[in-house]
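could you look at this predicted model? Sequence included:
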Amino acid sequence: MAAKKNNAAKHISGIQEKKRVSPSIDELLLGIFNGDTASLARAITLVESTHQESIQTAQVILEKCLSQSTESIRIGITGVPGVGKSTFIESLGLLLTSQDKRVAVLAIDPTSTQTKGSILGDKTRMPELVKDPNAFIRPSPSGTSLGGVSRKTRESIILCEAAKYDVILIETVGVGQSETIVHSMVDFFLLLKLPGAGDELQGIKRGIIEMADAIVINKADGDNLKAARIAKMDFNAALHLYPPKESGWIPKVLSCSAIENKGIDEVWQLITAFHEQSIALGSFCTRRKQQNKYWLLQTVEDRLKRNFYENQTIKENLEKIITSVMENEISPFEAADQLLALQLTKPN
Ligand SMILES: Nc1nc2c(ncn2[C@@H]2O[C@H](COP(=O)(O)OP(=O)(O)O)[C@@H](O)[C@H]2O)c(=O)[nH]1
Ligand SMILES: [Mg+2]
């Protein structure tokens, strides 16, 4: 009897499960607008999906979410693996939730996979934030191209904002192009550095410093205190060599210990000062408008490329033409013209 009851219960929960797997668009939207994390998570899964049907559903949801006006701030946090990004986000996130702010954390890590690598690490490195009802943490999907991952992250930001998260923190590992892409989707870009970084200043990618709205020397604790002070001075000196930002914002250098929760308040005060100043000057709005333009053009480029490589005639001829180019039978430019002409004569 008990077993029968159990089975019945399982059956019922199975039905509910099934119902939960595919709620209607309106149900999902209502859930998102009410700040229901399960609906938000499901919508992000739709956004991340590569199935045609899910892509279309996601598009409808996104359009509805875009029309929700919000006053969120999007903050990108970058730095080499191990610099303490996740620990920093845990500290900052908890500070913000203690001020009754709702915090969403999205992670872009093209080097990780969902079962191993830093994603699991990230979850365990935000042990308190994960449990906080005012925080939502979502790692990026694995296996897709960086462009794809980041486009989805940008769409996830919009969903999080519609779910009324006040602060969106985006963690990205400092490899390849990921900082540039994250920079193009955030209001404030924060570069975390290690003490002693002064020595490697020469080797630093110039572009990243140029993009930073703040440089924060993390791990300023224990034996690192002196090195952190020196690094702070070095970066301050280095920043003077860069031209001022168009927005009028002067990037600052701070230090903190994410693990000991020291200096995190100061970082938040700096971000708040930036937020207020850039809204007052209009540069906040200008930056978002520029980003919209960037993403429009980026998407057009992505789609054109995808259409090209998915074109059946191109697929059939590409290898042959590549071989001809490699054998110097035809120049790369002539070959490109031929391929593009093929695509035009036989579109998908
Ligand atoms: N001493 C010290 N260690 C830290 C600090 N922040 C992070 N760590 C340690 O550095 C390692 C990497 O941290 P993690 O947050 O995962 O770095 P991520 O790869 O940049 O996300 C972990 O062992 C952390 O405990 C800090 O402020 N001080
Ligand atoms: Mg991390």
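Perfect, thanks for sending it. Ligands and ions are numbered 1, 2, ... in the order given.

name the element whichever residue of the chain sits closest to ligand 2 belongs to?
Per Cβ to the ion, Ser86 is where the chain lies closest to ligand 2, at 3.4 Å. The way it works is simple: take the backbone N, C-alpha and C, and place the C-beta from them, glycine included. Per DSSP states H and E: Ser86 is located in helix 85-98.

surely Ile137 is within a helix?
No. Assessed with DSSP: H, G, I helix; E, B strand; the rest coil, Ile137 is strand; it does not lie in a helix.

count of residues packed around it?
Neighbours of Ile137 under the rule other Cβ atoms under 10 Å: 22.

could you give the bridge partners of it?
Counting by DSSP bridges, Ile137 forms beta bridges with Val105.

off-centre distance for the helix holding Ser86?
Its chain's average C-alpha position is 16 Å from that of helix 85-98, according to Cα atoms, centre = their mean, to the nearest Å.

on contacts alone, who are the packing partners of that helix?
Counting contacts by 3 or more Cβ pairs under 8 Å, 6 or more residues apart in numbering; DSSP states H and E, helix 85-98 packs against strand 73-79, strand 103-108, helix 118-125, helix 127-131, strand 167-173, helix 264-281.

in it, which residues are buried?
Neighbour counts over helix 85-98 (16 or more other Cβ atoms under 10 Å) mark 85-97 as buried.

likewise for stretch 258-278?
Buried positions in stretch 258-278, judged by neighbour count with 16+ other Cβ under 10 Å: Ala258, Gly263, Ile264, Val267, Trp268, Leu270, Ile271, Phe274, His275, Ser278.

quick one: is it near ligand 1?
Yes. On the criterion Cβ under 6 Å from any ligand atom, stretch 258-278 is in touch with ligand 1 at Ala258, Ile259.

with stretch 86-100 instead?
Yes. Stretch 86-100 reaches ligand 1 (Cβ under 6 Å from any ligand atom) through Ser86, Thr87.

got the CA positions of that stretch in CSV?
Output of stretch 86-100 as CSV, limited to C-alpha atoms (Å, rounded to 0.1, in the frame of the first residue of the first chain):
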residue,chain,number,x,y,z
SER,A,86,35.1,34.5,-7.1
THR,A,87,36.2,35.3,-3.5
PHE,A,88,35.9,39.0,-4.2
ILE,A,89,32.4,38.5,-5.7
GLU,A,90,31.4,36.5,-2.6
SER,A,91,32.5,39.4,-0.3
LEU,A,92,31.1,42.2,-2.5
GLY,A,93,27.9,40.2,-3.1
LEU,A,94,27.3,39.7,0.6
LEU,A,95,28.0,43.4,1.4
LEU,A,96,25.3,44.3,-1.2
THR,A,97,22.7,41.8,0.0
SER,A,98,23.3,43.1,3.5
GLN,A,99,22.2,46.5,2.1
ASP,A,100,19.0,44.8,0.7
